[in-house]
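Q: sequence first, then the predicted structure, then my questions.
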Amino acid sequence: MEKASRAIRRSGIRLKSMNPKHKELALIISGMRDIRSGLRNFQNAQTLMMQDMVVWSRTDENRAIQDVMERINELNFLWADSLQHFFETLRTFRQQCEMILEGEKVVDTARADLARAERKERKIKTNIKKISKKAPSEKMMTIEMELSNAERAKDLAHFEAVQKVQENEVCKMIRLKEGLTKLTESYIELAHKMAIVFDAQKDVVQAIPEVNDTAIHELKYMGGTSTKLAVEEAKNRIEKYRTLKFKLLPQGIAELPPPYSLGSPAPESRPTSKPEGVSYGAQGSGFEPTVPPYEEREAFEANSSSDDG
């Protein structure tokens with residue numbers, strides 16, 4: 001059913017596109033809307049699911065499950081908030097594509113004006129050939145004046161068409177490059193933030209006690225502090241991410257030297273001891289942002305010092 005509705009929608013886009021040359025661009029714009037709408041639906045579905053899990057956890061007296069689900073729900077809000085900037089970037093890229101489409105329509109109009117001027121010129125020339133031997137001199141002078149005006153109009157239309165084509169090509173490249181660059185950067189930023197959120201979620205989940213052979217009534221949940229710290233650390237790392245641009249370290253390149261990894265607390269703000277069950281880095285994930293150049297590092301330390309003050 002979903003495939004059928006998508007096919008009908010794409011057929012409608014083709015029909016709405018007056019010029020067959022622009023149907024692919026119209027489909028791209030429609031596809032961007034579908035992506036944004038699909039992500040919105042996914043976000044809403046996951047948020048509702050997490051809320052249901054929190055409600056379910058409260059139906060029993062299991063403190064470990066209650067605490068873990070509440071912390072994961074907090075992380076889910078971070079995840080949903082991180083998607084907002086990505087949604088805006090998708091919308092901006094779609095608008096760039098729409099402006100490219102408008103530019104193509106302007107070029108089509110200029111070319112249509114040129115074709116109309118050329119047809120008028122040819123019509124007058126054909127008329128002159130037909131009546132050149134029979135028409136009086138006064139009428140011939142009038143027709144030749146019309147031909148001269150038609151030729152000037154054609155030259156002007158040709159000049160404007162060339163100008164419109166050149167301007168459109170320049171604007172097209174600028175808009176496409178800018179839009180794709182921002183969209184790519186937004187994908188990278190979203191990936192970094194997702195790594196932060198779900199690394200924290202992994203730490204929170206690990207706080208659930210191991211059962212093994214221990215009697216259930218003897219188990220004590222001691223992870224309340226560690227789960228809280230894991231969530232707070234994720235919030236701080238995402239907040240710091242908004243002030244600096246980070247880059248992932250390419251695969252196969254050794255990590256840069258200390259003092260710290262990107263997204264982690266600065267040395268003076270990092271706790272001296274690590275609570276049990278809390279991880280300050282995405283160890284083993286292969287996805288941890290790395291140290292910036294020294295200039296950015298100094299700015300990062302200055303920002304961290306001002307935050308601590």
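A: On my side now, so go ahead. Numbers count the residues shown, from 1 in each chain.

Q: averaged pLDDT, stretch 210-227. What do you get?
A: Stretch 210-227 shows a mean pLDDT of 74.

Q: now stretch 66-78
A: For stretch 66-78, the per-residue pLDDT averages 92.

Q: number of nearby residues for A161?
A: 19 (other Cβ atoms under 10 Å). Any C-beta I mention is one placed from the backbone N, CA and C, and that applies to glycine too.

Q: please read the previous query as pertaining to V55.
A: 10.

Q: that one: what secondary structure?
A: Under the three-state scheme (DSSP: H, G, I helix; E, B strand; the rest coil), V55 adopts helix.

Q: distance check, it against N73.
A: Note on V55: its distance to N73, by Cβ to Cβ, to the nearest Å, is 10 Å.

Q: ok, D108 next?
A: 52 Å.

Q: mind checking which helix or strand L190 is in?
A: helix 137-205 (DSSP states H and E).

Q: same deal with L39?
A: Going by DSSP H and E, L39 is part of helix 23-57.

Q: next structured bit after that helix?
A: Downstream of helix 23-57, the next assigned helix or strand under DSSP H and E is helix 63-131.

Q: which helices and strands does that following helix pack with?
A: Here helix 63-131 touches helix 23-57, helix 137-205, helix 224-241, going by 3 or more Cβ pairs under 8 Å, 6 or more residues apart in numbering; DSSP states H and E.

Q: give the burial count for S82, as a bare number.
A: 18.

Q: with adjacent residues omitted, what lies nearest to K193?
A: S82 (4.1 Å; Cβ to Cβ, 6 or more residues apart in numbering).

Q: just to revisit the earlier point, and the helices and strands packed on helix 63-131, which is most packed in?
A: Highest mean neighbour count of the helices and strands packed on helix 63-131: helix 224-241, a mean of 19 (counted as mean count of other Cβ atoms under 10 Å).

Q: convert the C-alpha atoms of it to CSV, please.
A: Output in CSV follows, covering the C-alpha atoms of helix 224-241 (Å, rounded to 0.1, in the frame of the first residue of the first chain):
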residue,chain,number,x,y,z
GLY,A,224,21.5,5.7,40.7
THR,A,225,24.6,8.0,40.9
SER,A,226,26.4,6.5,37.9
THR,A,227,23.4,6.8,35.6
LYS,A,228,22.8,10.4,36.6
LEU,A,229,26.4,11.2,35.9
ALA,A,230,26.3,9.5,32.6
VAL,A,231,23.3,11.6,31.5
GLU,A,232,24.8,14.8,32.8
GLU,A,233,28.0,14.1,31.0
ALA,A,234,26.1,13.5,27.7
LYS,A,235,24.3,16.8,28.2
ASN,A,236,27.5,18.7,28.8
ARG,A,237,29.3,17.2,25.8
ILE,A,238,26.5,18.1,23.5
GLU,A,239,26.3,21.6,24.9
LYS,A,240,30.0,22.0,24.3
TYR,A,241,29.6,20.6,20.8
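
Q: quick one: it to helix 63-131, angle?
A: Using axes from the mean of the first three to the mean of the last three Cα atoms, to 10 degrees, one finds that helix 224-241 and helix 63-131 are set 20 degrees apart in direction.

Q: averaged pLDDT, stretch 170-184. What do you get?
A: For stretch 170-184, the per-residue pLDDT averages 93.

Q: for it, which outside residues touch it?
A: Residues from elsewhere that reach stretch 170-184 (Cβ atoms under 8 Å, 6 or more residues apart in numbering): 89-90, 92-93, 96-97, 99-100, 103.

Q: many thanks, we can stop here.
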